[in-house]
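Asker: Need coordinates for the following:
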Amino acid sequence: MDVDQRADLVAEAARALAPRRLGDRLVGDVAAVVVTDRGDHFTGVCIDTGSGTGFCAEASAVAAMVTAGQQRITGVVAVWRDDDGRLHVLPPCGRCREFLRQMHPDNLDAVVVLARGAWAPLRELLPAHEWPEPER
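Answerer: Residues are numbered from 1 along each chain as shown. The predicted structure follows:
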């Protein structure tokens, strides 16, 4: 994924931002896009809930992808806009990194956009990703 493709993903995710209040909670203030090995793009937004049952934008995008019958990710980005309107690229949290990995073994090679000019394969963000061998 080249610089222009990563910039396009950032812009695509930014278009999916839809922050709004639901009671005292904010939803849709983080948006994510996952790209599959078929070249399809799936978007999602975060949902914050008082009971702790909400989820991240990456998980929402992955749910849309799985609903469409896909699981192999080649790229992912998440974005958030601050109160001054500045757009920020957010790295996936630890839970999302593991979630992305568990969808398909090849997802460790997915490009994770970390900033407009920075990226890393998921495997570098999960350096100890191998399941341990059983103790003998």
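Asker: State whether residue 80 is indeed within a strand.
Answerer: Yes: according to DSSP: H, G, I helix; E, B strand; the rest coil, residue 80 belongs to a strand.
Asker: What pairs with the lengthiest strand in the chain, parallel or antiparallel?
Answerer: In the chain, with assignment by DSSP state E, the single longest strand is strand 25-36. Here strand 25-36 is paired, per DSSP bridges, with strand 20-22 (antiparallel), strand 41-47 (antiparallel), strand 73-81 (antiparallel).
Asker: which parts of whichever helix or strand comes after the last one are buried?
Answerer: Past strand 73-81, heading to the C-terminal end, the next element that is a helix or strand (DSSP states H and E) is strand 87-90. If you call a residue buried by 16 or more other C-beta atoms under 10 Å, then strand 87-90 has these buried ones: 89, 90. For every residue, glycine as well, the C-beta is placed using N, CA and C.
Asker: same question for strand 87-90, mean pLDDT?
Answerer: Strand 87-90 carries an average pLDDT of 96.
Asker: Could you point out the helix or strand that follows that strand?
Answerer: helix 94-103.
Asker: buried set for that following helix?
Answerer: In helix 94-103, counting by 16+ other C-beta under 10 Å, buried: 96, 97, 99, 100, 101, 103.
Asker: Tell me the one of these nearest residue 9?
Answerer: residue 100 (14.7 Å; C-beta to C-beta).
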